[in-house]
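Student: I would like the atomic coordinates for the input below:
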Amino acid sequence: MKNLLNHIITFFLLIISIIIFIITLCFCLEVFDIIEIPEEFSLEAMWGSKMQTIALGGDIFDDTTLNEFSDNTIRKIVKPERNEVTESNINSDYLNMLQDQLKTTENREFNENTNSSNFYYEQLDEYAKIIYNKLNENIDKLKTGTYNADFELTFDELLHQENGKETLDNSFQLAINALTFDNPDLFYIDVTKIYLLTQITTRVFSQKFEVSIGSNGESYLSDNFSDESSINNAINNINQIKDDLLNQTYNKSTVEKIKIVHDYLVTTAEYDVQAGDNIYNIYGTLINKKAVCEGYARTFKYFMDNMGIPCIIACGIGQNSAGASESHAWNYVEIDGKWYAMDVTWDDPIITGMTKAPNYVRYDYFLKGSNQFFKDHFEDGNIVGNYNFKYPALSEVDYEY
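Tutor: This is a model prediction of the structure:
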């Protein structure tokens, strides 16, 4: 009887030892990320788990230096004041450097799959492309102002690397801005309100980074749009204008179509730096009739896209006849395999007293080649941060029409 009892005790001790061994083995394998155990059964999670959320917002033309996230912090890049026209505070060395770069444009090579609809996308890094694609695939959901694109552990490996956070921050901002430059009809999004949200789960010997992009609890719609209904109403109003203008281009040549759009924008929109946030998008240009260079350029591309005419938005420095420099945006269009420059903003005349010259259209910057256009335009491709996108080489001579 005593021997039987000893055998039973020995058996149970063996079973307990085996269970302890298995649990310890699983714990060790999980700690070193060899296996993954569901959260509810995870000893590592029970032992100690800390979660934090960090966020980063972006802005077009934002040159704020991106720093590494600090612990237990939710922060956002502050939207800088945009000075559309500045004094001659852009030094001549910088302009000379840009001028030298323009001389080498004939050596630029682009991905054969690049076209005007994905121009900025094709120049993104692999991480930015992942972000761009996810948002682009769910572009209609952005109208809610609260949709969050969930990337789960997609960037976990990157965020474990040295400078991984900075790399992802930069890719995030490039992706958001590239998306809006390739899609000018995203007028209802305020990119300064879109966040990169990183949830960090810290356990005994490991960290996991789960990333999502979107709302940090508040809507990222522009202040003029409260919900999806107001956006759809705005889209309907814009479509009316678009359809009316497209009807005027029926059976017209490519150059005639470009001229109709150019003349429409010059005669209906007014350059105004104090008319609210929509001066940078197609809504402000077409509905409010107020815009700055970015608004003109986005709207011109919007019409070209709808006409099937290859067109991109270009950014750089403009220098007026008085020598004053400004951050500037314009367009390049492709006709018969060659690219030409269009600056609708500078073709919109302003007379004394900032009053618009009625029904007067000029063509000083209409389908220009590099020899003429680059006398006072210096492209740098700087739409955000310190990254410089590259543009196709222009025809050296103006288009003859």
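Student: Would you map the strands across the stretch 151-300 of the chain?
Tutor: For the stretch 151-300 of the chain, the strands defined by DSSP state E, counting those that start in this stretch cover 195-202, 207-214, 270-271, 290-291.
Student: Show me the shaky parts of the protein.
Tutor: Filtered on pLDDT under 70, the chain yields the residue ranges 1-7, 26-114, 203-205, 350-360.
Student: Next, name the residue at the spatial heart of it.
Tutor: residue 177 (1.5 Å; C-alpha atoms, centre = their mean).
Student: re earlier: could I get the strands of the stretch 151-300 of the chain as TSV with distance to residue 398 and mean neighbour count?
Tutor: Every C-beta, even on glycine, is put in place using the N, C-alpha and C of the backbone. Output for the strands of the stretch 151-300 of the chain, formatted as TSV (distance: least, C-beta to C-beta, whole Å; neighbours: other C-beta atoms under 10 Å):
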stretch	distance to residue 398	mean neighbour count
strand 195-202	43	19
strand 207-214	43	19
strand 270-271	24	19
strand 290-291	25	24
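Student: what's the closest of the ones you listed to residue 131?
Tutor: Nearest of those to residue 131, taken as C-beta to C-beta: strand 207-214 at 6.4 Å.
Student: tell me the angle the closest one makes with strand 195-202.
Tutor: With axes from the mean of the first three to the mean of the last three C-alpha atoms, to 10 degrees applied, the angle from strand 207-214 to strand 195-202 works out at 160 degrees.
Student: could you say what helices and strands strand 207-214 packs with?
Tutor: Using 3 or more C-beta pairs under 8 Å, 6 or more residues apart in numbering; DSSP states H and E, the elements in contact with strand 207-214 are helix 126-137, strand 149-152, helix 156-159, strand 195-202.
Student: Could you list the paired strands of it along with their orientation?
Tutor: Pairing partners of strand 207-214, with direction, according to DSSP bridges: strand 149-152 (antiparallel), strand 195-202 (antiparallel).
Student: Off-centre distance for the first one?
Tutor: Which is strand 149-152. Relative to its chain's centre, strand 149-152 lies at 17 Å (C-alpha atoms, centre = their mean, to the nearest Å).
Student: That one: which residues count as buried?
Tutor: 149, 151 (16 or more other C-beta atoms under 10 Å).
Student: Please apply the same query to stretch 289-297.
Tutor: 290-297.
Student: Residue 344 is in contact with residue 297, correct?
Tutor: Yes. Applying C-beta atoms under 8 Å, one finds residue 297 in contact with residue 344, separated by 7.2 Å.
Student: joint contacts of those two?
Tutor: 330-331 (C-beta atoms under 8 Å, 6 or more residues apart in numbering).
Student: burial of the closest residue to residue 218 other than its chain neighbours, as a residue count?
Tutor: Excluding the flanking residues, the one nearest residue 218 by C-beta to C-beta, 6 or more residues apart in numbering is residue 193, at 6.9 Å. The local packing of residue 193 (other C-beta atoms under 10 Å) involves 21 other residues.
Student: For residue 193, give me its contacts.
Tutor: 57, 215, 218-221.
Student: count of residues packed around the nearest residue to the residue nearest to the centre of the chain once chain neighbours are set aside?
Tutor: Spatial nearest neighbour of residue 177, excluding adjacent residues (C-beta to C-beta, 6+ apart): residue 384 at 4.5 Å. Neighbours of residue 384 under the rule other C-beta under 10 Å: 23.
Student: wouldn't residue 384 be in contact with residue 175 here?
Tutor: No. With contact taken as C-beta under 8 Å, residue 384 and residue 175 are classed as non-touching, separated by 9.8 Å.
Student: still on that earlier bit, possible to save the helices and strands packed on strand 207-214 as CSV with distance to residue 115?
Tutor: What follows is those, written out as CSV (distance: least, C-beta to C-beta, whole Å):
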stretch, distance to residue 115
helix 126-137, 15
strand 149-152, 24
helix 156-159, 29
strand 195-202, 28
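Student: Figure out which of the ones you listed is closest to residue 311.
Tutor: helix 126-137 (18.5 Å).
Student: so the closest one versus strand 207-214, what angle?
Tutor: Per the same axes, to 10 degrees, the angle that helix 126-137 makes with strand 207-214 is 40 degrees.
Student: Pull out the buried positions in helix 126-137.
Tutor: Buried, per 16+ other C-beta under 10 Å, within helix 126-137: 127-132, 134-136.
Student: if I read this right, residue 221 contacts residue 234, doesn't it?
Tutor: No. Using C-beta under 8 Å as the test, residue 221 is too far from residue 234 to be in contact (10.9 Å).
Student: Now tabulate the strands of the stretch 151-300 of the chain in JSON lines and tack on distance to residue 186.
Tutor: Shown next, in JSON lines, are the strands of the stretch 151-300 of the chain (distance: least, C-beta to C-beta, whole Å):
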{"stretch": "strand 195-202", "distance to residue 186": "17"}
{"stretch": "strand 207-214", "distance to residue 186": "14"}
{"stretch": "strand 270-271", "distance to residue 186": "22"}
{"stretch": "strand 290-291", "distance to residue 186": "16"}
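Student: coming back round to it: could you measure from the residue nearest to residue 177 over to residue 202?
Tutor: Using C-beta to C-beta, to the nearest Å, we find residue 384 at a distance of 31 Å from residue 202.
Student: returning to what we had before: need the max-distance pair from the buried residues of stretch 289-297.
Tutor: 290 and 297, at 14.7 Å, using C-beta to C-beta across those.
Student: Residue 14 versus the residue lying closest to residue 268 once chain neighbours are set aside, what's the distance?
Tutor: The shortest distance from residue 268 to any non-neighbouring residue, by C-beta to C-beta, 6+ apart, is to residue 289 (5.8 Å). Separation of residue 289 from residue 14 (C-beta to C-beta) stands at 85 Å.
Student: before we move on, what about residue 298?
Tutor: Taking C-beta to C-beta, one finds residue 298 at 74 Å from residue 14.
Student: So for the two, which sits in the more crowded spot?
Tutor: residue 298 (26 against 10).
Student: The residue nearest to that one when sequence neighbours are not counted and residue 284, how far apart?
Tutor: With sequence-adjacent residues excluded and distances taken as C-beta to C-beta, 6+ apart, residue 298 is closest to residue 184, at 3.9 Å. Distance, residue 184 to residue 284, by C-beta to C-beta: 12 Å.
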